[in-house]
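Asks: Sequence first, then the predicted structure, then my questions.
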Amino acid sequence: MKRSIMVIFFVMIASGCVTRNYDSNMDLGKGQLNEENYLEAHEAFELAYKEGKTPESRELMDLSGFLASGMKKYDEQDFGSAKSDFEKATAYKAKYREGKQMVSKAVEMHPLSDSATIETVEGNDEPVEEATGDGSKVEDKAVTETKGEGIKDSVSTLSKSQAEKLVKGYVDMENFPDLHIEYDHDSEKGDFIFHVFEVDEPSQKSGHKTTWGWYGVNKKTKEVYEVM
């Protein structure tokens, strides 16, 4: 009898240690996410997953791993590999708030890596030359500069449709087919504001709308946030 009590006691102690280790690593990982330190976050979530093996720790471990790898390759100018990592994160069916935020970050980085790939390829092209009156050649700078400006504009300008796509990824609308989204207005700060809602009777124009949430998108940082 005493031996059974001792076994139960030690099991309870061990369980408490696991819970503390899991919670502390999850908190550490989420803190690193706020700083966009995805490698450190991945390491923390990996430790948490080894302790608890919960769906949340697995999701955050996977997504932070994709982003950490993608960011590293992006910095190394390996844009093709970076794009592949961001695509994996974009396709991830996230269920938790931090996971959805990382999917939104991947959606934001994906077109940047794609544009950077195009810019790198075009940067390797030889400049266009034309002959002058004395037979010498000059570079067609206007063509080169126009290409460069077009790429920069595509990266820096966020369209309404791109913002809507970011919100869809943030809310994970693919898993909620009854949800609808519509642009509502621009905020005082200039952010896009979208309304996500359900329609009780979608076949009728008079169907009642039930609000799921209001979401803003920063045009410069492309950050998606909930409007309170």
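Replies: Perfect, I can see it now.
Asks: for Leu179, phi and psi?
Replies: phi -80, psi 150 (degrees, to the nearest 10).
Asks: what is it paired to in the beta sheet?
Replies: Glu198 (DSSP bridges).
Asks: That one touches Glu198, doesn't it?
Replies: Yes - counting by Cβ atoms under 8 Å, Leu179 does reach Glu198; the two are 6.1 Å apart. C-betas here are computed from N, CA, C, even on glycine.
Asks: Please spell out which residues along stretch 96-114 are buried.
Replies: For stretch 96-114, the neighbour count (16 or more other Cβ atoms under 10 Å) marks 98-114 as buried.
Asks: re the thing from before, and Leu179 and Glu198? Which one has more around it.
Replies: Leu179 (18 against 15; other Cβ atoms under 10 Å).
Asks: re earlier: now the common contact residues for Leu179 and Glu198.
Replies: Shared contacts of Leu179 and Glu198, defined by Cβ atoms under 8 Å, 6 or more residues apart in numbering, comprise Trp212.
Asks: still on that earlier bit, among the buried residues of stretch 96-114, which are located in helices?
Replies: Counting by DSSP state H, the part of the buried residues of stretch 96-114 found in helices is 98-114.
Asks: just for this structure, where's the confidence low?
Replies: Applying pLDDT under 70 to the chain flags residues 1-18, 112-156, 201-207.
Asks: Going along the chain, name the helices of it.
Replies: 2-34, 38-52, 55-75, 79-90, 97-123, 141-156, 160-171.
Asks: Could you pull out the buried residues of the fourth one?
Replies: So the one you mean is helix 79-90. By neighbour count with 16+ other Cβ under 10 Å, helix 79-90 contains the buried residues Phe79, Ala82, Lys83, Ser84, Asp85, Phe86, Glu87, Lys88, Ala89, Thr90.
Asks: Please apply the same query to the last one.
Replies: By neighbour count, with 16+ other Cβ under 10 Å as the criterion, the buried positions of helix 160-171 are Gln162, Ala163, Glu164, Lys165, Leu166, Val167, Lys168, Gly169, Tyr170, Val171.
Asks: Contact partners for the last one?
Replies: To tie it back to what came earlier, the one meant is Val171. With Cβ under 8 Å, 6+ apart, Val171 has these contacts: Lys100, Leu179, Ile181, Val196, Trp212, Gly213, Tyr215.
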